[in-house]
Structures are given as structure tokens and as C-alpha cells.
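Trainee: After the sequence you'll find the predicted model.
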Amino acid sequence: MPEKFSEVTLILFASTLIILLLTGLVVVSLFINQRRKYRFHREKFEMKTNFDRELLRSHLEIQSQAFESISRELHDNVGTLISIAMVHIRSMSVPVAETEKISEVDGLLNEAMDSLRDISRSINPENINRLGWQKSFVAELDRVRKTKLFNVQYSEEGLPFSIEIQKQTIIFRILQETLNNIVKHSCGNQIYAHVGFVNNIVSVTIRDDGKGFETGQPGEGAGIKNMRSRAAMLPAVLDIESGVKSGTIVKLTYTEPTL
């Protein structure tokens, strides 16, 4: 009887040990598998991040070359033609009765030259890189203010922080497109812009009192689609609140990654 009890005890002990070993092997296998999955997802994320970064760089390079070409064309060709026209007008001998009209035409050409110069600067990537996105945005607001079509107000708070130059260009293009949409479509009178910095987060809010529109519709304009695409490239959060006859609020929120 004691021998049988000892055999049973030995069998139970051996079975328990085997079960524990098998359980341990299963746990270790699961742990190794989870580590492999984690490593795979991390590598996949890093590959996607690197791909997005390269795609962003390529997109910006192509876009910068296009804008630089347009800026040069405006400055060298269109600007030169306007300058020549101004010289011809000022050298003309006209009757006294026509002097006032000539002065008006000369004044209009001067305004056109100033507007052309402002536009050329606003699309020139080198100018954006030199000034930074915030000063470029303020300059763009001043350009809109000069049209005398809108009462433009601007405010800012917080301490600005450094942002990668390629991303600064994207931020500025989103804000520039927003202002262009307001000028072309809002039919309003007021533009209010606010820039806020909190730690590593910058938020820009642009509000107008125009006629507004229905957001999120299938027929959403190309300008807004471009804004959303650029925001996704940063990545940043772009909120657009609007309604018919209730104006529009565009808010861009970007978080600078920390080490």
C-alpha cells in the first residue's frame, strides 16, 4: 500500500511538473510572439513614418519649385510689363483735360505693381523660409487688409517655438488658402485671426463673418480638400465650422513632436 501511494505521488508530481513546464513553454512562446509582433509593428510604423517624411519632402520640393517659377515669372515678366507701361504713360504729352485720367491710370498701375509684388513674395518659398510661417502669415493678412475689402484683426499669445522648415511651409500654405477662400467666396467684411502657443502646441484660428457654407459635402471645393490633405501630411488637426449665413471658423492645431 505505501509503495502504491509513493507511485501515485510520484506520478502526480511528475505530471504536475510536466504541466508546469508545458505552461511555462506556452507562456514563453506567447511572450516571444508578442515581442515579435511589437517589433514588427514598430518597424512598420518607422517605415511608414520615413516614407511619409520622404513623400512630404518630395511633395514640398516639387511645390516649391513650381511656386518659385511662378514668382520669378510674375516678377521678371509681368512686373516688367507693368513698369514699362508706367514709364510710357508718364512720358506721354496729353492735354490738361486728360491729365486727371492719366493720373488715375498711373495710380491703378502703381496699385497693381504693389499687389503683384506682394503676391510674388507670398508664394516665393525662399521668402517664407526667411521670415518663418508666422511673419509670412501676418504679411498675408496685411496684403488682404490693403485690399480694403475686409477689416482685419490679429492677435497672438504664448511663446513661439521652433518648427521644421518644411512643416512651416505647409502651415503657411493652409492659412494662405484659408484667406484666399475668404477673399473669393465669403462676401464678408470682418476677418479675425488668432495664433496661440502652449508648450509644443500651436493653434491658429481664422474667423470671418461671411455667408458660410455647408461643410463636409461631396462637392467640397478643391481649396478645402487641399487644406485637409496638407493638414494630414503634417500631421495636424484641421477643424472647419461653417453654416449658411453664419460665417466660417477654421482652426488648425499642430503638435510639434518632442524627443
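Mentor: Yep, that arrived.

Trainee: Hmm, I174 and W133 touching each other?
Mentor: No. Counting by CB atoms under 8 Å, W133 sits too far from I174 to count as a contact (9.6 Å). Glycine gets a C-beta too; all of them are placed from N, C-alpha and C.

Trainee: Next one: G247 from E241, what distance?
Mentor: Distance, G247 to E241, by CB to CB, to the nearest Å: 9 Å.

Trainee: more neighbours, the two?
Mentor: Using other CB atoms under 10 Å, the more surrounded residue of G247 and E241 is G247, with 18 against 13.

Trainee: Which residue is the nearest non-sequential neighbour of the more buried one?
Mentor: Leaving aside its sequence neighbours, G247 sits nearest to D209 (CB to CB, 6 or more residues apart in numbering; 4.7 Å).

Trainee: Same check on I165?
Mentor: Nearest residue to I165, sequence neighbours excluded (CB to CB, 6+ apart): N129, at 5.8 Å.

Trainee: Read off the pLDDT value for Y154.
Mentor: On the pLDDT scale, Y154 is placed at 96.

Trainee: Skipping its backbone neighbours, what lies nearest it in space?
Mentor: A193 (4.9 Å).

Trainee: What is the burial count for that neighbour?
Mentor: A193: 23 neighbours (other CB under 10 Å).

Trainee: starting at the chain centroid, how far to the helix or strand that contains it?
Mentor: According to DSSP states H and E, A193 maps onto strand 190-198. Distance of strand 190-198 from the chain centroid (CA atoms, centre = their mean, to the nearest Å) equals 15 Å.

Trainee: what angle separates the next helix-or-strand element following it from strand 190-198?
Mentor: Using DSSP H and E, the helix or strand that follows strand 190-198 towards the C-terminus is strand 201-208. Inter-element angle recorded for strand 201-208 and strand 190-198: 170 degrees (by axes from the mean of the first three to the mean of the last three CA atoms, to 10 degrees).

Trainee: which parts of the helix or strand just after strand 201-208 are buried?
Mentor: Along the chain past strand 201-208, the next helix or strand (assigned with DSSP H and E) turns out to be helix 222-233. Using 16 or more other CB atoms under 10 Å as the test for burial, helix 222-233 gives 224, 227, 230-231, 233.

Trainee: sorry, back to before: what about the residue nearest to I165, distance to Q168?
Mentor: For N129, the distance to Q168 (CB to CB) stands at 8 Å.
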